[in-house]
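Colleague: Based on what follows, work out the 3D shape:
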Amino acid sequence: MQIEILTPPLLFKEPFDHNTEVILVEGIKILKPALLLNAKCGSITGRSTEDKRKTDYFDINFLLKFYAQNPEYLPRADEVPRVTKQLVDVLVRLYGGEDAWVRAGYDLRTGRFNRN
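Modeller: Numbering: from 1, shown residues only. You can find the predicted model right below:
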């Protein structure tokens, strides 16, 4: 799996310390995908330009594909409080990708991931 680091840790706006959960991908520690999804869903609404929002949605879509291929990493609802039904409805309306959310285990009706 190719991993591209776009932001140095100092620019990551979520709480981050030595206790922050990580996973191993081919021997490399990366942030737990739920933390990344939560951060992206929090940042997309505050972006100043459409290009930046599209870049965030591209990242969100990447994470959704990751979940579909690796269901053991599906987030619990309490891990992604910024993934609200309202936000997902708006993102789907603006950018499409309803099927990606569903394949990733997100219930569009209830507005939650199907993992407890």
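Colleague: could you point out which element follows the helix or strand encompassing residue 40?
Modeller: Applying DSSP states H and E as the criterion places residue 40 in helix 33-43. Using DSSP H and E, the helix or strand that follows helix 33-43 in sequence is helix 50-69.
Colleague: List the contacts of residue 31.
Modeller: 16, 20, 21, 22, 23 (C-beta atoms under 8 Å, 6 or more residues apart in numbering). Heads up, the C-betas are built off the backbone N, CA and C, glycines and all.
Colleague: Switch those residues over to a markdown table; also include pLDDT.
Modeller: Below are those laid out as a markdown table (pLDDT from 0 to 100):
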| residue | pLDDT |
| --- | --- |
| 16 | 67 |
| 20 | 78 |
| 21 | 83 |
| 22 | 85 |
| 23 | 85 |
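Colleague: Not counting sequence-adjacent ones, nearest residue to residue 41?
Modeller: In space, and not counting its chain neighbours, residue 41 is closest to residue 82: 4.1 Å by C-beta to C-beta, 6 or more residues apart in numbering.
Colleague: Against residue 44, how distant is the one you found?
Modeller: Distance from residue 82 to residue 44, counting by C-beta to C-beta, to the nearest Å: 9 Å.
Colleague: Looking at the two, which one has more neighbours?
Modeller: residue 44 (21 against 15; other C-beta atoms under 10 Å).
Colleague: and the next element down the chain from the host helix or strand of residue 90?
Modeller: Residue 90 is part of helix 85-95 when elements are defined by DSSP H and E. Sequence-wise, the next helix or strand downstream of helix 85-95 (DSSP H and E) is helix 98-103.
Colleague: where does this structure dip in pLDDT?
Modeller: Within the chain, the stretches with pLDDT under 70 are 1-16, 116.
Colleague: centroid residue for the chain?
Modeller: Per C-alpha atoms, centre = their mean, the C-alpha nearest to the average position across the chain is that of residue 37, at 1.8 Å.
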